[in-house]
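Undergrad: Just to be clear, the model below is a prediction. Sequence and coordinates:
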Amino acid sequence: MSTDRYPYREIEARWQHRWEEAKQFRATEDPARPKFYCLEMFPYPSGRIHMGHVRVYAIGDLLARYKWMRGFNVLHPMGWDAFGLPAENAAIEHGVHPAIWTYENIDNMRAQLRKMGISYDWDREIATCDPTYYKWEQLIFIRMLERGLAYRKRSTVNWCPSCQTVLANEQVEDGRCWRCDSEVTPREIDGWFFKITAYAEELLAWCDRLPGWPERVLTMQRNWIGRSEGAEFDLPVAGRPAVKIRVFTTRPDTAFGMTYAVLAPEHPLVDRLVVDERERAAVAAFRAEVAKESEIERLAADRPKRGFRLQARVVNPFNGAEIPLFLADYVLMGYGTGAIMAVPGEDQRDWDFAKQHGLPIVETVTRPDGWSGGAYAGDGIKINSGFLDGLTVAAAKRRAIDWLVANGLGEATVNYRLRDWGISRQRYWGAPIPVLYCEACGMVPEAEENLPVVLPRDVQISGKGGSPLAEVASFVNAKCPRCRGRARRETDTMDTFVESSWYFLRYCSPRYEGGMVERAAADYWMPVDQYIGGIEHAVLHLLYARFYTKVLRDLRLIKLDEPFTALLSQGMVIKDGAKMSKSKGNIVDPDELIRTFGADTARLFSLFAAPPEKDLDWNDHGVEGASRFLNRVWRFVIGHLDELKAPGATARGVPASEDGRAFRRVIHDTIRRVTDDIEHDFHFNTAISAVMELVNALSVFDGHPGGRVPPAERPPLLREAVETILRLLGPFCPHITEELWSQLGHRESVFTQRWPTPDPDALKREEVTVVVQVDGRVRGRLLVGVDASEERIRQLALADERVRPWVASRRVEKVVVVPNRLVNIVTRA
RNA sequence: GCGAGAGUGGCGAAACUGGCAGACGCGCUGGACUUAGGAUCCAGUGGGCCUACCGGCCCUUGGGGGUUCGACUCCCCCCUCUCGCACCA
C-alpha cells in the first residue's frame, strides 16, 4: 500500500476548521435568492456512524454544495433522532443513564461527521430528547386531542415482549418487531392513537402529486393505505330479524352467489347469537384454538381455514335464501366490519373454505371459454343473479348498490387497510404524553403554561413489565390543571416516530421559543426540496411525516400540503454479497477508512461505485482506485504549479491550434456531462467518470513534449482544465479541491465560485465522424463537415473504398442517413 | 398469489428520446523506472477465428419470438433474482 499519498489528513483538518470558523455553511433567509432545502434523514445516535451513513451524507453534501455553487441559498441541517429504546437497553446492560448515553453518542457521532467534512449549518443542530424540542410536540398533542385527532381507546395491539411495549402496525414486519425481531403477540391494552385514517383519502390522493418521489415508494404507500370501494349491508339473522350482521364487500354484484356468511372469531355479536351453553362453550373452545396461533402462523400462506358453524342462520336479502353462518379465522375483525358474505364462486378464499366444509358453490359470472379452476374473479356477464342477470360486473355492482340503498338495506362505502397510528409506548426514553387523570375531572390535558412535561431524570429502568415512569412517584402524582385536585399523570411516552414527523420543520427556526416553528422561516424554507434516506422508511417515517404535516397545516401552523418535494431513496451498502453486519464480519469502519484514505476518498468511492438508488457493493480495491485518482490530481496540480501560475495562464478563449481546440472541447464537454448527470438523474457515478476522463485527457495533452500546440497556448489550457476539474470535483471531494484551489493562488473558497457552464464556442465542432453501416454492420467511418447534407453523406458513404466491397455484388435497396451520426446502406442480393 | 424493480465482460458498472454495446474504475497480462515495488508511468484486456506486423471476419446485453434499415432500449411469451404486500372480503 502506498505511503506517498497526498497529505489528506492535514488538508482535511485545515479546511474543516476554516469552514467552521468562517461559518461558511450558515443559512439565513434571503428572499432575494432561490432557496434549496437539502435534507438527509437524521440518524439515531447509536454511538458510531456506519457506511450507510457515509453514503447518505456524501450524497446530501454533494447536492448541497452543488446547489450552493449554482447560486441557491441552501439550508443543510443536521440533528439527532435521540429518543428510543437502545438508550434504555444500554441503561439496563451498563447502568448508564439513557440521557448520558445518548448525549455521549451524539458527541461521538458529531465528531465523526465533522471528519467527513459535511457542509452542515451546525448552528441549527437539534436533539429530539431536548425538552425545548418535545415541548412543541406536547402542545400539538393537546391540539390534536381537542380535535379528536388524538384519542385513547382499549384495543388489541401488537405487543413486543422483548421491547416491553406496543408497536404500531407499520412497525411490525412479518409478525416480528421491526427493531429487535421478536415475535409480536396480541394484547388488549389502553393506548393513545393518532387518527391518521382521517387523512387516508388525502394521503392517497397526494401520492399522484409527488412526481419527485420514486414510484416504488409511492406504490408501497398506496398499498399500505389500501383503499377499496364497495358496499356495506345487513344480513338479518333467521327468525330474529332485529339482529343484523353488517358485512362489507367489494363485490356487491355477487350477492346472489352468497352460500354462507362468516364472522371473525372475535366478533362482538357472537355472544348474542349462541343459543345455549353448550354452543357457548364450543365457541369459546374455537376461539381459544384460534388465539393459540401466533401471528406468524396466521400469516403463513396456504394453510387450511379453520371454521365453526353456528346454529344461527342468516338471510340473504337479495333472494331471501336462508344460509349457514360460520366463525372462521380467515375473516379479520380489524378490517371492514369483521363479517363477510361468502361467495365461493367468485372468491378464492371462500371457495377454499366451501370445499373444506362441503358448502355449495354458485357461479354468478359467466366463465371464459376453457376456464377451469377455483373461483373466478374476472369480468363477465352476470348469471344466476335475479335482477342483475345480463349485466357486466361493473354495471351489476352499481345496480346492486342502488338496490341496497333504495331498500334501506345498505350503502356504498370505502374501506381502508390503514389503521390509526398507535403512539403509546410503555417505555421511559420518549416524550411524555401531556395528559393527567384526575379523580374528579377524569382525563385532562396538561395546561399549556405547564409545558413541557419534562421527563424525570431519576428513574429505575429494569426492562421488566410496565412503564418505568409509573414507578416515579414525583412524576405520577400531580395536580389536576383544571380543579387542582389530585391527579395521576399518563405514564406512556410517545412513539419516537412522532419526533421525526416534524424535525424538518424545527430546523427552519431551531431556537424559536414562540412555537413549534416560526411562520416566516417555515414559509421561506419549506418544503424540503430534496430529501434523502433509506428505503426502509417507505411506509413508516415517510407516511407519518406526511400525515403530521397535514395536521399542522389544518392547525394553521404552516401552509404546506406535503413536506418533501423530492425523495431519493438510496440503496444499502453491502459487502461480499451481504448487508454489512457484525455476525457476517464484513463491516467497514468509517473511522478507519477515513484514517487510511481520507474523507475525500471515502466520499468519492461511495458516490462512484454505483448510482445512489442501487445497492453499493463495497470493494476495498475500488477504494484504492478512488484514492489513486485523487493522488493523480494532486500530483498533477502540485507538479505543474509553475506553469499553472505563469503569466497569461488565466487568459481564456478559443485556441488557434486544432489540438488546442480539441482539448478545450473536452474540458467543456465534461462540464456539460457532469452537470447533466447531477441534474438529470443523480448519476454521480457517471459524473465522476467524466471527470476522470478529463484528467486522463489532461495528462495525454500534457504529455506531448514540445507541444502539439504553440507554447503560449499551454498555460491557459492547463489552467482552464485544472480549474474546471477542481470546481466540478468540489462537491464530491471538498477538501482536496479547496486546497488545490488555494494553491493556485485563489483566496476565496472554491465553494464561493459559480458552477462552470460550458462555453458554446468551445463545444462547436467543424467535423464529425459518421459511422457507415451496411445492413446494420459497421463497415467504415467518414469524417465530414458538421451538418453535411444527407445527399452528400450518402454519396461519400457509397463511394467509400471500405464500404464498396460490401455493396459491390448487391443491389442497394435504400440508404438511411441520420445527420451527424450514421449512415445505413440497406442491400439485397 | 398480487404489485414494483432488475438480469450487460472475471468484478462494480456505462450506453438521455431506438443509431459504433461494454465509457469510467477494479482486477488481470506485458513493459518502463527501480536495490526493491504491493508506488508511479506506458500498453493491452468480452468470446471465437483469419492474418505477411497493417488490418479484417463472425458471435455476444437471462431464453425464445416479433416490430424496424437498425433493438441493451419498443411489443408478446418464458426463466431467474431482489424488494414490498400478503386470508384486506
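TA: Looks like it came in fine. Numbering: from 1, shown residues only, chains lettered A, B, ... in the order given.

Undergrad: helices or strands up against the helix or strand containing residue A:235?
TA: Assigned by DSSP states H and E, residue A:235 belongs to strand A:228-237. Contacting strand A:228-237 under the criterion 3 or more CB pairs under 8 Å, 6 or more residues apart in numbering; DSSP states H and E are the following elements: strand A:240-249, strand A:307-315, helix A:393-406, strand A:410-415. In this view, the C-beta of every residue, glycine as well, is placed from N, C-alpha and C.

Undergrad: buried ones in it?
TA: A:230-237 (16 or more other CB atoms under 10 Å).

Undergrad: mean confidence score for that strand?
TA: Per-region confidence: strand A:228-237 scores 93 on mean pLDDT.

Undergrad: Whether that strand contacts RNA strand B - can you check?
TA: Yes: for strand A:228-237, a contact with RNA strand B is found by CB under 7 Å from any atom of the strand, at A:228, A:230.

Undergrad: residues in contact with that strand?
TA: Taking CB atoms under 8 Å, 6 or more residues apart in numbering as the criterion, the residues outside strand A:228-237 that touch it are A:243-252, A:261, A:273, A:312-317, A:325, A:336-337, A:339, A:341, A:400-401, A:404, A:409-417.

Undergrad: wait, what's in contact with whichever residue of chain A sits closest to RNA strand B?
TA: Checking chain A residue by residue against RNA strand B with CB to the nearest atom of the strand singles out residue A:625 as nearest, at 2.6 Å. Neighbour list for residue A:625: residue A:605 [criterion: CB under 8 Å, 6+ apart].

Undergrad: Which among the helices and strands packed on strand A:228-237 is found nearest to residue A:126?
TA: Taking CB to CB as the criterion, residue A:126 comes closest to strand A:410-415 out of the helices and strands packed on strand A:228-237, the separation being 38.9 Å.

Undergrad: so for the closest one, what's the average pLDDT?
TA: Computed over strand A:410-415, the mean pLDDT rounds to 92.

Undergrad: Neighbouring strands - and their directions - for the helix or strand that comes right after that strand?
TA: Downstream of strand A:410-415, the next assigned helix or strand under DSSP H and E is strand A:421-422. In the sheet, strand A:421-422 lines up against strand A:185-194 (antiparallel) (DSSP bridges).

Undergrad: Now do the buried residues in the strand it pairs with.
TA: When neighbours are counted by 16+ other CB under 10 Å, the buried residues of strand A:185-194 are found to be A:189, A:191-194.

Undergrad: Low-confidence regions, the stretch 551-700 of chain A specifically.
TA: Within the stretch 551-700 of chain A, no range satisfies pLDDT under 70.

Undergrad: residue boundaries of the strands in it?
TA: Assigned by DSSP state E, counting those that start in this stretch, the strands in the stretch 551-700 of chain A fall at A:567-570, A:573-575, A:578-579, A:616-618.

Undergrad: In JSON lines: those strands, plus mean neighbour count.
TA: Putting the strands of the stretch 551-700 of chain A into JSON lines (neighbours: other CB atoms under 10 Å) gives the following:
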{"stretch": "strand A:567-570", "mean neighbour count": "21"}
{"stretch": "strand A:573-575", "mean neighbour count": "19"}
{"stretch": "strand A:578-579", "mean neighbour count": "12"}
{"stretch": "strand A:616-618", "mean neighbour count": "21"}
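
Undergrad: so can I have a markdown table of those showing distance to residue A:387?
TA: Converted to a markdown table, those look like this (distance: least, CB to CB, whole Å):
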| stretch | distance to residue A:387 |
| --- | --- |
| strand A:567-570 | 49 |
| strand A:573-575 | 60 |
| strand A:578-579 | 58 |
| strand A:616-618 | 61 |
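
Undergrad: Which one, of the ones you listed, ends up nearest to residue A:65?
TA: The minimum distance between residue A:65 and the strands of the stretch 551-700 of chain A falls on strand A:567-570, with 15.7 Å, by CB to CB.

Undergrad: got the contact list for the closest one?
TA: Residues outside strand A:567-570 that contact it (CB under 8 Å, 6+ apart) are A:55-56, A:59, A:210, A:212-214, A:216-217, A:530-535, A:538, A:542, A:612-613, A:682.

Undergrad: Kindly recompute the last result at 7 Å.
TA: Contacts of strand A:567-570 with the rest of the structure, by CB atoms under 7 Å, 6 or more residues apart in numbering, involve A:55-56, A:59, A:212-214, A:217, A:530-535, A:612-613, A:682.

Undergrad: ditto for stretch A:417-425
TA: Applying CB under 7 Å, 6+ apart, the contact partners of stretch A:417-425 are A:157, A:165-166, A:168-169, A:191-197, A:200, A:224-226, A:334-335, A:492-495, A:498, A:544.

Undergrad: correct me, but residue A:381 touches residue A:390?
TA: Yes: with the criterion set as CB atoms under 7 Å, residue A:381 and residue A:390 qualify as a contacting pair; they are 6.3 Å apart.

Undergrad: Is it correct that residue A:734 is in contact with residue A:117?
TA: Yes: under the criterion of CB under 7 Å, residue A:734 lies in contact with residue A:117, with a separation of 5.5 Å.

Undergrad: quick one, which of the two is more surrounded?
TA: Neighbour comparison, residue A:734 and residue A:117: the larger count goes to residue A:734, with 27 against 24 (by other CB atoms under 10 Å).

Undergrad: which ones are touching that one?
TA: Under the criterion of CB under 7 Å, 6+ apart, the neighbours of residue A:734 are A:65, A:117.

Undergrad: do that again at 6 Å, thanks
TA: Residue A:734 sits next to residue A:117 when contact means CB atoms under 6 Å, 6 or more residues apart in numbering.

Undergrad: report the longest helix in chain A, please.
TA: As far as residue count goes, and with DSSP state H defining each element, the longest helix of chain A is helix A:658-681.

Undergrad: Name the surrounding residues that touch that helix.
TA: A:66, A:655, A:683, A:686-687, A:690, A:694, A:697, A:701, A:708-709, A:713, A:717, A:720-721, A:724, A:728, A:756, A:758-759, A:762-763.

Undergrad: what's the answer for stretch A:746-760, then?
TA: Taking CB under 6 Å, 6+ apart as the criterion, the residues outside stretch A:746-760 that touch it are A:65, A:68-70, A:668, A:671-672, A:724, A:727, A:730, A:737-738, A:741.

Undergrad: follow-up on the earlier one: the longest helix of chain A: which residues count as buried?
TA: By neighbour count, with 16+ other CB under 10 Å as the criterion, the buried positions of helix A:658-681 are A:659-661, A:663-671, A:673-675, A:677-678.

Undergrad: Go back to those residues and keep what's next to RNA strand B.
TA: Of these, not one also sits near RNA strand B (CB under 7 Å from any atom of the strand).

Undergrad: Residue A:381 and residue A:390 - which one has more neighbours?
TA: In this comparison of residue A:381 against residue A:390, neighbours counted by other CB under 10 Å, the higher total goes to residue A:381 at 16 against 11.

Undergrad: dump the residue contacts of the more buried one.
TA: residue A:366.

Undergrad: residue boundaries of the helices in the stretch 601-750 of chain A?
TA: When secondary structure is read from DSSP state H, counting those that start in this stretch, the stretch 601-750 of chain A shows helices at A:620-639, A:641-644, A:658-681, A:684-702, A:714-729, A:734-743.

Undergrad: rewinding a little: now the contacts of helix A:658-681: which count as buried?
TA: Listed as buried from the contacts of helix A:658-681 are A:66, A:655, A:683, A:686-687, A:690, A:694, A:697, A:701, A:709, A:713, A:717, A:720-721, A:724, A:728, A:756, A:758-759, A:762; burial here means 16+ other CB under 10 Å.

Undergrad: how about the residues of the stretch 401-550 of chain A near RNA strand B?
TA: Those residues of the stretch 401-550 of chain A that sit near RNA strand B, judged by CB under 7 Å from any atom of the strand, are A:415, A:417, A:535, A:538-539.
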